[in-house]
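Visitor: Below are the sequence and a predicted model; questions follow.
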Amino acid sequence: MTISATSATSATRDTRDMTAFSECGVSSEGTESNGEEASSAAANPAGASGALELRMASLELLSLGRQRTHANHEIHAASNKLEQLRTELKAAREEAKEAARSGGFFKQLSGVFGGDIATAAAAIGAAAAVVASGGSAAPVALLLASAALKGGAEVGKAAGLDPKLCAALSVAAGAAALACGNAGAAAGLASQVQGVATCVQGGAEVIGAASSGVAGSYAAEAQRAGAQQVRLESSSDEARADELRAGARLAQLSSLEAQSVSQAGRASAQHSALSTAMLNNSGVA
Amino acid sequence: MIDSLGAGQACRLAPSDCGEPDDPRKELSGSSEDSSLSPEGRLLCQLVERSDREERNFNCERMDARLARREALAQQVESMERAADAVETGAWVGAGISAVGGAATLGGGAMKLDSVSAGTSQSEAPRLAAKASIWSEGGTALGRLAQPASQLTGEAPRLRADAAAARAQARATDERDVEESRQRDADALSQHQARLIDLFDRIQASQAEISNAAIRPR
């Protein structure tokens, strides 16, 4: 039986319907007819038209049943697709979140190395350069540098800079203060400090640049995951619309089927009444 | 029934493949021009057939809108991916230039240290110091170039791609509106058709009743 292939409830009804039709000479396949019925129908035009009506009704029911099966399959397929898309969407969201988190870490790293450390090293280097080239003004410059570095360390601490960076600034300030007493030695030391500071600045810039590149890469990955989300969300919308449409179609088909069943019932009753009437008429004659 | 993408494609290529009859008159002759039907029945048949054709047209238009929306969404996603590529390119270009600058600065610092070390001769020290200064300054200059280069290669294409994505999104929204509107139209027509068919059935039933009454024995 084709009609009853879809759901349990409809199957019950279909079985009942098809039992009724088989009584009228229509097989469950809907294409074969009872030979006895056909011959009696041929002998009896009114009976023939009634039987034809019944057969048409049963064919319609079969067709509706097939359509309903198809609609059910579509609902099932859309549900499966929706479920799969939901899983993919969740994965894409997770991916975007993870990429954003990793990107944030590297961005911070890049900020510390390329920003804080490199800037502080550049400032130290510049101060050391002043001392190294300052000659007699060196003690004053060193005093200034010492004050600046100390102040920088405190300001940095207050501003929430890296504690290690603040410690480095404090140490540099101490060294500058110690060097204040000997200007000649201070010039040599300042040159060395300048060299070291420049090296630190360069190294920090390289690390900062690499971190910045990685952060950019993660940002791009997060953006790609966002694009994937857009694509999946649109597919989900489509699948949801398909599911709804198939559901509406199924409801419509069920209603049409109910109508066909009642129509077939009426035709069957009419057919029986006519056959009885014909028999009565022939008996009277 | 759910329309597949294939059906929509067919619809766009050849509207008659989307369920429209090739020759409308041929379809009319099948039912509404059936002489055994009453005039009311024929009229109803014609109405049903017409609304059926209109419904198919709406479905075709809906599928066209859906395809257009898919295209627009694909373009939006493509643009977003292009923007992501631009972000990555810009970041790496900037990072590369900055890293080269940092390396140059590092080299300059090393030369500076070399120039002040005890092993360096008095004649070589100024030359090394000058070299160190050039390297350091060069590194700083490269570092300053990193951001504009990054913007040129990353930010500008990203903005262009974002604009394209926004345009595609707007188009997709428009097409979605069209699709939903056509769906509503098709649903309304379908309901209208169901009412017509119901009416037709009732007319047929009453005619059959009249015919049967004529045959029944009195």
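Guide: Yes, it's here.
Visitor: When you work out contacts or count neighbours from here on, use the C-alpha atoms and nothing else.
Guide: Will do.
Visitor: Contact partners for residue B:141?
Guide: Shown in contact with residue B:141 (Cα atoms under 8 Å, 6 or more residues apart in numbering or on different chains): residue B:101.
Visitor: Which residue would you name as the spatial centre of chain B?
Guide: Taking Cα atoms, centre = their mean as the criterion, residue B:73 is the residue nearest the geometric centre of chain B, at 1.6 Å.
Visitor: Quick check: which ranges of the chain have low pLDDT?
Guide: By default, I'm working from chain A. Low-confidence segments of chain A, defined by pLDDT under 70: A:1-51, A:134-186, A:283-285.
Visitor: Chain B was what I was after
Guide: For chain B, applying pLDDT under 70 flags the ranges B:1-36, B:216-218.
Visitor: residue ranges for the strands of it, please.
Guide: Assignment of strands within chain B using DSSP state E yields no ranges at all.
Visitor: Which residue ranges of chain A form helices?
Guide: With DSSP state H as the definition, chain A shows helices at residue ranges A:8-23, A:35-43, A:45-110, A:118-134, A:138-158, A:163-179, A:183-284.
Visitor: Chain B now?
Guide: So, for chain B - with DSSP H - the helices run B:5-13, B:24-30, B:39-116, B:124-150, B:156-215.
Visitor: what separates residue A:279 from residue A:215, distance-wise?
Guide: Distance from residue A:279 to residue A:215, counting by Cα to Cα, to the nearest Å: 94 Å.
Visitor: Could you do residue A:115 as well?
Guide: Taken as Cα to Cα, the span from residue A:115 to residue A:215 is 15 Å.
Visitor: okay, those two: which has more neighbours?
Guide: Shown here are residue A:115 and residue A:215; by other Cα atoms under 10 Å in any protein chain shown, residue A:215 has more neighbours (27 against 16).
Visitor: show me the contacts for the nearest residue to that one once chain neighbours are set aside.
Guide: Leaving aside its chain neighbours, residue A:215 sits nearest to residue A:103 (4.4 Å; criterion: Cα to Cα, 6 or more residues apart in numbering or on different chains). Neighbour list for residue A:103: A:214-219 [criterion: Cα under 8 Å, 6+ apart].
Visitor: Swap in 6 Å and give it another go.
Guide: Taking Cα atoms under 6 Å, 6 or more residues apart in numbering or on different chains, we find residue A:103 in contact with A:215, A:218-219.
Visitor: cool, residue A:198 as well?
Guide: For residue A:198, the contacting residues are A:125, B:109, by Cα under 6 Å, 6+ apart.
Visitor: switch the cut-off to 10 Å
Guide: Counting by Cα atoms under 10 Å, 6 or more residues apart in numbering or on different chains, residue A:198 touches A:118, A:121-126, A:192, A:204, B:102, B:104-113, B:132, B:136.
Visitor: hmm, back to that, please verify my assumption that the residue nearest to the centre of chain B contacts residue B:169.
Guide: Yes: Residue B:73 is within contact range of residue B:169, at 6.5 Å (criterion: Cα atoms under 10 Å).
Visitor: got any residues that touch both of those two?
Guide: Counting by Cα under 10 Å, 6+ apart, the contacts common to residue B:73 and residue B:169 are residue A:230.
Visitor: Residue B:120: neighbouring residues, count only.
Guide: What residue B:120 shows, counting by other Cα under 10 Å, is a neighbour count of 12.
Visitor: Check residue B:121 too.
Guide: Residue B:121 has 11 nearby residues by other Cα under 10 Å.
Visitor: how far away is it from residue B:114?
Guide: Taking Cα to Cα as the measure, residue B:121 falls 10 Å from residue B:114.
Visitor: try residue A:119
Guide: 23 Å.
Visitor: Please apply the same query to residue B:79.
Guide: In terms of Cα to Cα, residue B:79 sits 52 Å off from residue B:114.
Visitor: Could you check which of the two is surrounded by more residues?
Guide: More crowded of residue B:79 and residue B:114, by other Cα under 10 Å: residue B:79, with 23 against 18.
Visitor: so what's the more buried one up against?
Guide: Residue B:79 makes contact with A:227, B:73, B:85, B:158, B:160-168 under the criterion Cα under 10 Å, 6+ apart.
Visitor: Could you rerun that using 7 Å?
Guide: Contacts for residue B:79 (Cα atoms under 7 Å, 6 or more residues apart in numbering or on different chains) come out as B:161-162, B:164-165.
Visitor: which among those gets closest to chain A?
Guide: Using Cα to the nearest Cα, residue B:165 is the member of the contacts of residue B:79 that sits closest to chain A, with 9.9 Å.
Visitor: how many other residues sit next to the closest one?
Guide: By other Cα under 10 Å, 25 other residues sit near residue B:165.
Visitor: same thing with residue A:241?
Guide: For residue A:241, using other Cα under 10 Å, the count is 15.
Visitor: Look up how far residue A:81 lies from it.
Guide: Taking Cα to Cα as the measure, residue A:241 and residue A:81 are separated by 12 Å.
Visitor: cool, residue B:198 as well?
Guide: According to Cα to Cα, residue B:198 stands 36 Å off from residue A:81.
Visitor: before we move on, what about residue B:193?
Guide: Taking Cα to Cα as the measure, residue B:193 falls 32 Å from residue A:81.
Visitor: top of the contacts of residue B:79 by neighbour count?
Guide: Counting neighbours by other Cα under 10 Å, the top entry in the contacts of residue B:79 is residue B:165, with 25 neighbours.
Visitor: The nearest residue to it once chain neighbours are set aside: what's it in contact with?
Guide: Leaving aside its sequence neighbours, residue B:165 sits nearest to residue B:76 (Cα to Cα, 6+ apart; 4.3 Å). Contact analysis of residue B:76 by Cα under 7 Å, 6+ apart lists B:165, B:168-169.
Visitor: circling back: so who does the closest residue to the residue nearest to the centre of chain B other than its chain neighbours touch?
Guide: Leaving aside its sequence neighbours, residue B:73 sits nearest to residue B:172 (Cα to Cα, 6+ apart; 6.0 Å). By Cα under 7 Å, 6+ apart, residue B:172 lies in contact with B:69, B:72-73.
Visitor: Show me which residues of chain B are close to chain A?
Guide: B:1-2, B:77, B:80-81, B:84-85, B:87-88, B:91-92, B:95-96, B:98-99, B:102-103, B:105-106, B:109-110, B:112-113, B:116, B:216-217 (Cα under 7 Å from any Cα of the partner chain).
Visitor: Quick one: buried ones out of the residues you listed?
Guide: Burial by neighbour count, 16 or more other Cα atoms under 10 Å in any protein chain shown: within those this picks out B:1-2, B:77, B:80-81, B:84-85, B:87-88, B:91-92, B:95-96, B:98-99, B:102-103, B:105-106, B:109-110, B:112-113, B:116.
Visitor: Test my guess that residue B:69 contacts residue B:175.
Guide: Yes: applying Cα atoms under 7 Å as the test, residue B:69 and residue B:175 come out as touching, 5.2 Å apart.
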